[in-house]
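K.L.:
pasting the sequence and the predicted model now:
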Amino acid sequence: MKRWMLNLLSILVTLLLTNACDKQEDKIVLTEEGKEWVAALKDACDDGKANACMDLGLTSLVQEDSDRKKEREYFTKACDGGIGKACAILAMMWNDGVGGEKDPSKSNQLIQRACDLGDSESCSGGSQ
C-alpha cells in the first residue's frame, strides 16, 4: 500500500479513536472535538506549518462533504512547504481536474517536484 494511503488511514483511525469523527449513514462526520482539532490544524497551516496543511488536506479527503477546492489549497501549501507526497497528491488533483481546472502539464511539474523532494513513488511514475 502506498505511504500516503497509510497516512490517510492513520489519520482516519486517529479521528475515530479520539472521538473526533463519527460514521453516520455511511458518511464520516466530525464531532465537536474533531472540529476543534481541524480548527487547530487550520491555525497551524495558516502559520506556515506544512505538516499541518498536509494533515488538513488528508483529513478533508475522508469527509463526505469536503471542499475539493480547499483540499487543493491545503496540499498546495504543504507542497510549497516541502512535503513531496503533498505535491504528488496535488499532481493527481491537477491531472484529473479535482478541485479546479485540469492541467496535465502542471501535474507533470508537480510530479517532478515531488520526486525532487524525495517522494520515490513519484520518481518511478507510481503516482499517476
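P.N.:
Perfect, I can see it now.
K.L.:
every contact and neighbour count from this point should use C-alpha atoms.
P.N.:
Fine.
K.L.:
residue ranges in this protein under the pLDDT threshold?
P.N.:
Scanning the chain with the threshold set as pLDDT under 70 gives 1-29, 64, 125-128.
K.L.:
show me where it has its helices.
P.N.:
With helices called from DSSP state H, the chain shows them at 3-17, 32-46, 50-61, 68-80, 84-96, 104-116, 120-123.
K.L.:
ok, and what's touching the third one?
P.N.:
By Cα atoms under 8 Å, 6 or more residues apart in numbering, the residues outside helix 50-61 that reach it are 8, 11-12, 38, 41-42, 44-45, 66-68, 70-72, 74-75, 77-83, 86.
K.L.:
surely residue 114 meets residue 80?
P.N.:
No: in this structure residue 114 lies outside contact range of residue 80 using Cα atoms under 8 Å: 10.4 Å.
K.L.:
out of those two, which sits in the busier spot?
P.N.:
Legend: neighbour count by other Cα atoms under 10 Å for residue 114 and residue 80, higher for residue 114 (27 against 15).
K.L.:
list the contacts for that one?
P.N.:
79, 83, 84, 85, 86, 87, 88, 122, 123.
K.L.:
count of neighbours near the residue lying closest to residue 122 once chain neighbours are set aside?
P.N.:
Closest residue to residue 122 apart from its sequence neighbours, by Cα to Cα, 6 or more residues apart in numbering: residue 115 at 5.1 Å. Neighbours of residue 115 under the rule other Cα under 10 Å: 20.
K.L.:
check the one 5 residues further on too.
P.N.:
By other Cα under 10 Å, 15 other residues sit near residue 120.
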